[in-house]
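Asker: dropping the sequence and predicted coords here.
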Amino acid sequence: MILTVEDFLHIDLPALMAAVLAAVSCGLLGNFLVLRRQALIGDAISHLVLPGIVVGFLIAGEVLTVAMMAGALGAALVGVLLIEAIRRLGGIESGAAMGVVFTVMFAAGVVLLEQTGSAAVHLDVEHALYGALETTLWLTPTGWESLADPAVWATLPREVTTLAAVTAIVVAAIVLFYKELKIVAFDPDLATSLGFSARTVSAGLVVLVAMAAVAAFDAVGSILVIAMFICPASTARMLTDRLSRQLLLSVLAATLAGIGGYVLAAFGPFWFGGENSLNAAGMIAVVAGALQTLAMLLAPRYGVLPRMFRRWRIRATG
Amino acid sequence: MTLAEVFDVLLFRAGFNTAVVLAGAAMLGAGAGLIGVFVLLRRRALVSDAISHATLPGVALGFLAAVGLGLDGRNLPILLVGAASTGILGILAVQWIRDRTRLPEDAAIGTVLSVFFGAGIVLLSHIQTLAVGGQAGLDTFLIGQAAAMSRADALLIGGAAALVVLIALAAFKEFALVCFDPDFAGAGGWRVGRIDLVMLALLLAVVVIGLKTVGLILIIALVIVPPVAARFWTERLNRMALAAALFGAASGYLGAAASALLPRLPAGGVIVLVAGALFVVSLLFAPARGVLAGAVRRLRFRMAIARRQGLLAVAGGEAIADPIARLVLRRNGLIDRQDRPTESGRTAAAAARREQRLWRRYRADYPTDAIADREWSLAPIDAVLPADLVAELERRVAAS
């Protein structure tokens, strides 16, 4: 296969941008979810937004980002409130309460999709799961030099601009509220005694998570959203004890997974004599998992193998 | 669709095939609800999410293996064996991450479900490009499809589900023990690890046999939703298990029937929505822990407090400050329209004052007993404490 510059700019560059932006925005927020043992909130939210997106789509009558985003955020809000209500009223553990809410809401989304025929237009269950990374096209650039032209950048695909905006919001929120997020992640009681509400910070975090999940959901699908909420942050968590370093490492892991996964899926098969590319969202999740596995095995301080080696050496010398 | 058609399907008269599919779905729901009760009580609800997603690469590998052996790629037994193998790998991966690294269980579950599912999607996208038939059938594993099920498949699913129900019933006592007090079970010589393993194996079995009907994304709903709904109805384990199995069976049966009757209704989605509707009804109306029952209980409690405060005020010759107390006393005919106590009101007020004095004495003299007894001070003291103790308290009150 010969890769032309045009093909790369039209097909691969926008997909790469969408993948990396989605990975970075979700990966950054994932740090706080993993530290607070709320990793599965990302899982729940990425499922329960589906009915909201479908309703937004039905009301708008077309694929309109604003309507679908509003529907999704509404659904996320309803879902989180329902989870809390079930947990309190029924004395049910939060995991099970989450399981009830997100599966039933996802089922409602699936039935709505199939019944209304939205499936025929643009939305379908596969799209919701895998996203549409491969169909994110950017047809205006004509060559490398055209990338210097601001007018070309103005025609970026909708998914990429949405993701860029969400990533900017996430980064800004983390920079502005770094101290608050850090204290709430490690010691919510301290936050309360310092005079700011841990609950407000948590609620803000949930809103950010919902926003990032929805923006990424459209481009890369819910499975990759879950992988990105959890894997880069877990990878970074294996490597360091400092939150600032963990955030940077998670961005690095997310970027590596985004680029590596896309390249492997798009070009990998051709290196081995195949003729068709593989699903990029799935491959990115696999690469993120591979990076995390490496970190779990080899991290110098907390990795399984170095710890085994240290124990073995102590026994050998003692 | 006429009403007669609806009844034909619901009463298993719409052909043998539909009947088998419906019975299979109902049996699957019963098995999932039953095993789900123990999974819920053991706080493993979301592990099932990791297991179900982890089956996808196995389904894809099963397809590739079947094609490699020269069989039809949709050969259900081979696909299910593949699904079970990667499902087991998923369980092991969750346990390894949880036990061997510093990452908590929720991160382990999230990692396994997304990475295994991602691998499954990659394999599926590879399968789509192969020059063999039957790939389209694999999509049904995502959100399920009861209508397209063959008789043999439905029999396999229903039979396996019935087996799961039987094993779960046989191991009922052991499961209950491990759920409520694993330490006691261990000290009593039970092998907690082995019992947990059987539980996980049954969970895996339910997930795997549910793939075809409900689909792997929604099968965990059948494991989680009916038990949580059943939890609102009772505090007793055997009743909860029965209710969960019934809710699950009803969901499977009604969902599969709706999907057979109406076009474009995905079975998995409808089954889960039926379960969700049963859950909402339970949440609101269940007598044991439902929202409505709870509100009624709180209201009764509030009125009992108001009545006592009002009577104490009457006994002390004070005005009744609380409007609810005034309302309650008036409705019971204890005070008249000018808030003057009636004959029965005076008797009740004297009784209330006696109660209060006795309870106060009891609380002062036997503080630990008073704290241990949840009913103190609101229930009639003669009904709670033995007569000789009440007489003793009366003497002390009179002496002071």
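Answerer: Okay, I see it.
Asker: starting at the chain centroid, how far to stretch A:287-304?
Answerer: Its chain's C-alpha centre and that of stretch A:287-304 lie 20 Å apart, by CA atoms, centre = their mean, to the nearest Å.
Asker: make that stretch B:246-260, sorry
Answerer: Worked out by CA atoms, centre = their mean, stretch B:246-260 lies 17 Å from the chain centre.
Asker: contacts for it, please.
Answerer: B:9-10, B:14, B:18, B:21-22, B:24-34, B:36, B:145-147, B:213, B:222, B:225-226, B:229-230, B:265-268, B:270-275, B:278 (CB atoms under 8 Å, 6 or more residues apart in numbering or on different chains). Quick note: C-beta positions are derived from backbone N, CA and C, even for glycine.
Asker: and A:Pro188, how many residues sit next to it?
Answerer: Using other CB atoms under 10 Å in any protein chain shown, A:Pro188 is surrounded by 15 other residues.
Asker: please name the residues that touch it.
Answerer: Contacts of A:Pro188 (CB under 8 Å, 6+ apart): A:Ala198.
Asker: for it, give its distance to B:Leu130.
Answerer: 52 Å (CB to CB, to the nearest Å).
Asker: and A:Thr192, by the same measure?
Answerer: From A:Thr192 over to B:Leu130 (counting by CB to CB), the distance is 58 Å.
Asker: for the chain, which helix is longest?
Answerer: Here I'm looking at chain A. helix A:243-271 (DSSP state H).
Asker: um, chain B though
Answerer: Longest helix in chain B, counting residues (DSSP H): helix B:15-41.
Asker: show me which residues of whatever helix or strand comes next after that helix are buried.
Answerer: Next along the chain after helix B:15-41, taking DSSP states H and E as the criterion, comes helix B:47-68. Within helix B:47-68, the residues that count as buried by 16 or more other CB atoms under 10 Å in any protein chain shown are B:47-67.
Asker: ok, and of those residues, which contact chain A?
Answerer: B:Asp49 (CB under 8 Å from any CB of the partner chain).
Asker: sorry, back to before: just the angle between the longest helix of chain B and helix B:47-68, please?
Answerer: Here helix B:15-41 points in a direction 140 degrees away from that of helix B:47-68 (axes from the mean of the first three to the mean of the last three CA atoms, to 10 degrees).
Asker: enumerate the positions of helix B:15-41 that are buried.
Answerer: Buried-residue list, helix B:15-41, by 16+ other CB under 10 Å: B:18-41.
Asker: filter those residues down to the ones near chain A?
Answerer: Near chain A, by the rule CB under 8 Å from any CB, you find B:Leu40 out of the buried residues of helix B:15-41.
Asker: low pLDDT regions in the stretch 51-200 of chain B?
Answerer: B:133-134, B:136, B:146-148 (pLDDT under 70).
Asker: how about the residues of it by chain A?
Answerer: B:97, B:100-104, B:106-107, B:109-111, B:113-115, B:117-122, B:124-126, B:129, B:139, B:142-143.
Asker: buried subset of the residues you listed?
Answerer: B:97, B:101, B:103-104, B:106-107, B:109-111, B:113-115, B:117-122, B:124-126, B:142-143.
Asker: A:Ala216 is in contact with A:Leu224, correct?
Answerer: Yes: counting by CB atoms under 8 Å, A:Ala216 is a contact partner of A:Leu224 at 7.1 Å.
Asker: intersection of neighbour lists for these two?
Answerer: Common neighbours of A:Leu224 and A:Ala216 (CB under 8 Å, 6+ apart) are A:Ala22, A:Gly131.
Asker: who has more neighbours, those two?
Answerer: A:Leu224 (36 against 31).
Asker: ok, that one - contacts?
Answerer: A:Leu224 touches A:Ala22, A:Ala23, A:Tyr130, A:Gly131, A:Ala216, A:Ala281, A:Gly282, A:Ile284, A:Ala285, B:Ser114, B:Gly118, counting by CB under 8 Å, 6+ apart.
Asker: again, but for B:Ala108
Answerer: Here B:Ala108 is in contact with B:Ala50, B:Ala93, B:Val94, B:Gln95, B:Ile97, B:Arg98 (CB under 8 Å, 6+ apart).
Asker: I'd like the list of those that fall within helices, please.
Answerer: B:Ala50, B:Ala93, B:Val94, B:Gln95, B:Ile97, B:Arg98.
Asker: okay if I get those as JSON lines plus distance to A:Pro14?
Answerer: JSON lines is the format used below for those (distance: CB to CB, whole Å):
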{"residue": "B:Ala50", "distance to A:Pro14": "33"}
{"residue": "B:Ala93", "distance to A:Pro14": "34"}
{"residue": "B:Val94", "distance to A:Pro14": "36"}
{"residue": "B:Gln95", "distance to A:Pro14": "40"}
{"residue": "B:Ile97", "distance to A:Pro14": "34"}
{"residue": "B:Arg98", "distance to A:Pro14": "38"}
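Asker: tell me where the stretch 101-250 of chain A has helices.
Answerer: For the stretch 101-250 of chain A, the helices defined by DSSP state H, counting those that start in this stretch cover A:118-121, A:125-130, A:150-153, A:158-176, A:178-186, A:188-194, A:198-220, A:222-239, A:243-271.
Asker: state the distance from B:Ala152 to chain A.
Answerer: Separation of B:Ala152 from chain A (CB to the nearest CB, to the nearest Å): 26 Å.
Asker: in which helix or strand would I find the nearest residue to A:Gly303 once chain neighbours are set aside?
Answerer: Nearest residue to A:Gly303, sequence neighbours excluded (CB to CB, 6 or more residues apart in numbering or on different chains): A:Leu297, at 5.6 Å. Using DSSP H and E, A:Leu297 sits within helix A:280-298.
Asker: could I have that helix exported to CSV, CA atoms only?
Answerer: Extracted in CSV, the C-alpha atoms of helix A:280-298 (Å, rounded to 0.1, in the frame of the first residue of the first chain):
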residue,chain,number,x,y,z
ALA,A,280,-9.2,1.6,15.4
ALA,A,281,-11.2,2.3,18.5
GLY,A,282,-10.8,-1.3,19.6
MET,A,283,-7.1,-1.3,18.8
ILE,A,284,-6.5,1.9,20.8
ALA,A,285,-8.2,0.2,23.8
VAL,A,286,-6.0,-2.9,23.3
VAL,A,287,-2.8,-0.7,23.1
ALA,A,288,-3.9,1.2,26.3
GLY,A,289,-4.3,-2.2,28.0
ALA,A,290,-0.9,-3.3,26.8
LEU,A,291,0.7,-0.2,28.1
GLN,A,292,-1.0,-0.7,31.5
THR,A,293,0.0,-4.4,31.6
LEU,A,294,3.7,-3.3,31.0
ALA,A,295,3.4,-0.8,33.8
MET,A,296,1.8,-3.3,36.1
LEU,A,297,4.6,-5.8,35.4
LEU,A,298,7.6,-3.6,35.1
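Asker: that concludes my questions; thank you for your assistance.
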